[in-house]
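K.L.:
task: produce atomic coordinates for the following.
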Amino acid sequence: MLDYGKPVQVDVLANDTLYGTSRTVGGIRVHAEDKAESFTEDQDLALTNGAAKIAENKVEYTPDKFMDSIDRLDYVVGDADSATDTNAATVSMIPATNVYYEDDFKVADSGNATIEYSGTYSQSVKEGNASDKYQSDENRVYGQDPAYAQQNGFSDGSATSMDQGATATFTFKGTGVDIYTKTDTESPLVGAWIYRETADENGEMVWKAVQSVIVDNKYDVQGEGLYQIPTICFDAEQYGTYKVKIQVMSATSDTAKYYLDGIRIYNPVDPEGKDAEESESAYQLAGEAGPVVTEIREILLGAGALTDESGQANGMVYLDNLEPGEDGTSEISDYEKDAPKHEVYLSEGNAIAFTLKDYTDAQQVYLAAKAPEGTAATLRVTDGTRTKDVTIDSTSEQYFEITPTSRGHVVIENVSAGDTAGLISITKIRTTKMQQSKILTEPEKM
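P.N.:
Residues are numbered from 1 along each chain as shown. So this is what the prediction gives:
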């Protein structure tokens, strides 16, 4: 299962048993029902979404386009020259329900950028530490990987900077996309246009505009900057092929830049296509079937007010850690006007609480968080009848599993302390196996 656009090395021998001989991956081939292809051991194998080869006695797979289907290949244990179908097995490379790609993700065979840039731009702008070359091959929480742990700047240590007038364009298949950037006091306005591929009255495929936004990326704290901020988010009503164009609209100075750091694509496999059954089975095994992704900020705004007339929590509570007499965030309208557009920030002592309606213990819940300033912080979160502390030490968004109370209540608090206490960004919550459930927006006593 691949949830990042990085190469992966799959230890296909881990579940194979061969007694009396040294176990080696002897050859690979494109999987086909007729098994007509021969095995190769010293050449790259071209597949639909990437390429595979044998490396370090493992199958190494490198995606070279935005994955939207399953790549299958056969491998043989032993000598490729004497390989038969009886000692061959198949491995499937399946895109996860959300996949993150770097800003410079390229098509390897042609050298063409999957994200096409124009105007004045510069790739490989360095800030922070580089991530590991490979993503993990373990079937674990989607959107969490050791390769992106302890990042302290741009994801993978680099981004593409874009000057005023520069554009970035890409197409993808799925149900939505998030675009990540760095924000600071000089961040410019950016326009984004999203189009869906649709058949016109003559049956010709054309691009139909579905959404356009202008985003102010500025972060008004002098001398500070926040990394990996999803300032542009698009949630489609249905699966399809989409084109996204971003253009830097205006800049406050000659040094102002828009930094495209990465994108995350949601549900890239066609739910009605030929790969739907196998991918859904894999998602179920991983506890990731039927994902419902909701922005924490939208839960807050959907409540309408922080409390009802009786003072009871109205679906969500946001707590400012302020001294007596200081003004806090008391109105939803204030938060909507002044707060970040797709995240909730928790500084030292801040907390947030909400309720998942119709929650049952058969469901799995995942929370996305990061340390946007690059300073580690400690998050305390509901863990059933108790709480658990989670270290948030990466500027790259990472999902981790949480357990609400039996009534679906969740409390999240930044319990960091001292001068080095870091800011925590809470972005989204993902629930699985709960298509009929929804986030609580109407008043309910907690």
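
K.L.:
helices along this protein, start to end?
P.N.:
276-285, 296-302, 332-338 (DSSP state H).

K.L.:
quick one: low-confidence ranges for the stretch 51-200 of the chain?
P.N.:
Residue ranges of the stretch 51-200 of the chain with pLDDT under 70: 79-86, 107-113, 139.

K.L.:
if we go to 50?
P.N.:
The stretch 51-200 of the chain contains residues with pLDDT under 50 at 107-111.

K.L.:
please enumerate the strands of it.
P.N.:
58-63, 71-77, 88-93, 95-102, 116-118, 121-126, 158-162, 167-184, 189-199 (DSSP state E, counting those that start in this stretch).

K.L.:
for the first one, name the packing helices and strands.
P.N.:
Right, the one you point to is strand 58-63. strand 8-10, strand 25-30, strand 50-55, strand 71-77, strand 88-93 (3 or more C-beta pairs under 8 Å, 6 or more residues apart in numbering; DSSP states H and E). Just so you know, the C-beta spots here come from the backbone N, C-alpha and C atoms, and that holds for glycine as well.

K.L.:
ok, which of those comes nearest Lys388?
P.N.:
Closest to Lys388 of the helices and strands packed on strand 58-63 is strand 8-10 (C-beta to C-beta; 29.2 Å).

K.L.:
which elements pack onto that closest one?
P.N.:
Going by 3+ C-beta pairs under 8 Å, 6+ apart, strand 8-10 lies up against strand 58-63.

K.L.:
with mean neighbour count and distance to Thr171 as extra columns, can I get the helices and strands packed on strand 58-63 in a markdown table?
P.N.:
A markdown table is the format used below for the helices and strands packed on strand 58-63 (neighbours: other C-beta atoms under 10 Å; distance: least, C-beta to C-beta, whole Å):
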| stretch | mean neighbour count | distance to Thr171 |
| --- | --- | --- |
| strand 8-10 | 18 | 24 |
| strand 25-30 | 22 | 25 |
| strand 50-55 | 19 | 17 |
| strand 71-77 | 22 | 19 |
| strand 88-93 | 16 | 21 |
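
K.L.:
of the ones you listed, which is nearest Thr160?
P.N.:
strand 50-55 (21.7 Å).

K.L.:
just the residues contacting that closest one, thanks.
P.N.:
Strand 50-55 has contacts (C-beta atoms under 8 Å, 6 or more residues apart in numbering) with 9, 25, 27-28, 41-45, 59-65, 67, 71, 73, 93, 108-109.

K.L.:
need the distance between the two termini of stretch 103-114.
P.N.:
Stretch 103-114 has an end-to-end distance of 9 Å (C-alpha to C-alpha, to the nearest Å).

K.L.:
ok, now stretch 57-69?
P.N.:
Note: stretch 57-69 ends 26 Å apart using C-alpha to C-alpha.

K.L.:
measure how far it is from the centre of its chain, please.
P.N.:
17 Å (C-alpha atoms, centre = their mean, to the nearest Å).

K.L.:
list the buried ones in it?
P.N.:
58-69 (16 or more other C-beta atoms under 10 Å).

K.L.:
what's the answer for stretch 219-236, then?
P.N.:
Going by 16+ other C-beta under 10 Å, stretch 219-236 has these buried residues: 219, 225-234, 236.

K.L.:
would you turn these into JSON lines with distance to Thr431 and pLDDT?
P.N.:
As requested, these are exported to JSON lines (distance: C-beta to C-beta, whole Å; pLDDT from 0 to 100):
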{"residue": "Tyr219", "distance to Thr431": "30", "pLDDT": "79"}
{"residue": "Gly225", "distance to Thr431": "32", "pLDDT": "84"}
{"residue": "Leu226", "distance to Thr431": "27", "pLDDT": "90"}
{"residue": "Tyr227", "distance to Thr431": "27", "pLDDT": "93"}
{"residue": "Gln228", "distance to Thr431": "23", "pLDDT": "93"}
{"residue": "Ile229", "distance to Thr431": "24", "pLDDT": "91"}
{"residue": "Pro230", "distance to Thr431": "19", "pLDDT": "92"}
{"residue": "Thr231", "distance to Thr431": "24", "pLDDT": "88"}
{"residue": "Ile232", "distance to Thr431": "24", "pLDDT": "92"}
{"residue": "Cys233", "distance to Thr431": "18", "pLDDT": "92"}
{"residue": "Phe234", "distance to Thr431": "20", "pLDDT": "93"}
{"residue": "Ala236", "distance to Thr431": "19", "pLDDT": "89"}
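
K.L.:
what's the closest of the residues you listed to Ser416?
P.N.:
For these, the nearest to Ser416 is Leu226 (16.3 Å; C-beta to C-beta).

K.L.:
who touches that closest one in this structure?
P.N.:
182-184, 219, 372-373, 423, 425.

K.L.:
same question, Lys173
P.N.:
66, 68, 239-242, 268, 270.

K.L.:
drop anything exposed from those.
P.N.:
The buried subset of these - by 16+ other C-beta under 10 Å - is 66, 68, 239, 241-242, 268, 270.
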